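> Dropping a prediction and its sequence here:
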Amino acid sequence: MGSIHVVVPQPEEPPALSTRAIDNLQYIRETMERATSFTAIPGWGQVGIGVTALAASYIAGRQSSFRNWMAVWLAEAVVALLIAGWSIDRKARAANLPLLSGPARKVAFSITPPLVAGGLITIVLYRAGLTNAIPGVWLLLYGTGVITGGMFSVSVVPVMGLCFMFLGAIACLAPELSDWAMTVGFGGLHIVFGIIIARRYGG
């Protein structure tokens, strides 16, 4: 009868402490970033919004009445919302980010009040016949919403909001430049900052 040899399994060598520490720090950093900022801002979606805004500006500038001018821009607002919603959903799915996360809700709740206020003020100004003030109000309050919502997003977003507010101030103080400010703001700024966001933070 042969002898019996007891095989003692060799314990696996645990990973180096430095490797585990680096992995843990990376996990903590990624978790904190996801918990505090909404990174699904769509760069190329903003470019698309800017392109449609340039087209709207061209069409609006050829209208014979302010009512038609405003109708063109309101239609553009609907198109922009559709593009933004689709592109945010697409980017969030690609990055496996929940759309209803804490940061996403903060962005939505921060940007909505200035936009609602802008709509109500637009009605008041239109009824009062102060239509020259409407483009400036739109730019100012949209910029305000972008700044407040951008505080929970990537750092370049609040900068874009400040640029919108600057153009809004110009439109309010010099109404004859309103069409120019609308074109540069809703068209140019969306394209420029959209490209920046797409390159730094992904499409």
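That came in fine, so what should we check first? Numbering: from 1, shown residues only.

> Apart from its chain neighbours, what residue comes closest to Met151?
Of all residues not flanking Met151 in the chain, Pro158 sits nearest, at 6.3 Å (C-beta to C-beta, 6 or more residues apart in numbering). Bear in mind the C-beta positions are built from the backbone N, C-alpha and C, glycine included.

> residues in contact with Tyr142?
By C-beta atoms under 8 Å, 6 or more residues apart in numbering, Tyr142 lies in contact with 114-115, 118, 164, 168, 185-186.

> Could you point out the helix or strand that follows the helix or strand encompassing it?
Secondary structure from DSSP states H and E places Tyr142 in helix 134-150. Downstream of helix 134-150, the first helix or strand assigned by DSSP H and E is helix 156-173.

> Give the buried residues for whichever helix or strand comes after that following helix.
Next in sequence after helix 156-173, counting helices and strands by DSSP H and E, comes helix 178-182. Residues of helix 178-182 classed as buried by neighbour count (16 or more other C-beta atoms under 10 Å): 178, 180-182.

> Direction-wise, compare the longest helix along the chain with helix 134-150 and give the angle.
Using DSSP state H, we find that the single longest helix of the chain is helix 66-94. Relative orientation of helix 66-94 versus helix 134-150 (axes from the mean of the first three to the mean of the last three C-alpha atoms, to 10 degrees): 20 degrees.

> Packing partners of helix 66-94?
For helix 66-94, the elements it packs on are helix 43-60, judged by 3 or more C-beta pairs under 8 Å, 6 or more residues apart in numbering; DSSP states H and E.

> got any ranges where this protein has weak pLDDT?
Within the chain, the stretches with pLDDT under 70 are 1-40, 92, 95-104, 203.

> Which of the helices or strands spans the spatially most central residue of it?
The C-alpha lying nearest the average C-alpha coordinate of the chain belongs to Ile41 (C-alpha atoms, centre = their mean; 4.7 Å). Using DSSP H and E, Ile41 sits in no helix or strand.
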